[in-house]
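*Asks:* no letters, just coordinates:
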């Protein structure tokens with residue numbers, strides 16, 4: 001009878017350890033999932049960019065044409081990212097010789113539904 005009880009206890013402990021390792025026990029904690037989801041979405045939307053030096057006659061359109069995005073995105077989306085990376089250019093024209101950042105894609109796939 002002892003070996004049967006000992007075997008049952010070992011099987012139950014092994015099952016609990018397996019479930020804890022595969023599913024984890026953190027889902028029972030009191031973390032706010034909404035805040036962590038928002039932080040993850042913001043992190044996923046960090047743009048991947050390159051730095052280029054402008055020359056005389058460059059425009060935002062010409063720079064976007066020379067350096068196309070790695071993932072499909074609309075011009076307004078890319079322009080929004082451009083101004084996030086270069087906030088000083090919102091009310092200013094491009095100056096020859098200036099280093100600016102051009103967004104190419106997002107570092108992570110956007111799974112936020114935005």
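*Replies:* Ah, there it is. Quick caveat: nothing in here was measured; it's all calculated off a predicted structure.

*Asks:* what mean pLDDT does the helix or strand hosting residue 10 get?
*Replies:* Assessed by DSSP states H and E, residue 10 sits inside helix 2-23. In this model, helix 2-23 carries a mean pLDDT of 86.

*Asks:* the bottom helix or strand of this structure by mean pLDDT?
*Replies:* For the chain, the helix or strand with the lowest mean confidence is helix 33-44, at a mean of 54 (criterion: mean pLDDT, DSSP states H and E).

*Asks:* on that earlier part again, list the buried ones in the helix holding residue 10?
*Replies:* By neighbour count on 16 or more other CB atoms under 10 Å, the buried set for helix 2-23 is empty. All C-beta spots, glycine's among them, are computed from the backbone N, C-alpha and C.

*Asks:* end to end on stretch 55-68, go ahead and measure it.
*Replies:* 18 Å (CA to CA, to the nearest Å).

*Asks:* for stretch 66-83, same thing?
*Replies:* By CA to CA, the extent of stretch 66-83 from end to end equals 18 Å.

*Asks:* quick one: that stretch to chain centroid distance?
*Replies:* 16 Å (CA atoms, centre = their mean, to the nearest Å).

*Asks:* and if you look at stretch 85-99?
*Replies:* For stretch 85-99, the distance to the chain centre is 25 Å (CA atoms, centre = their mean).
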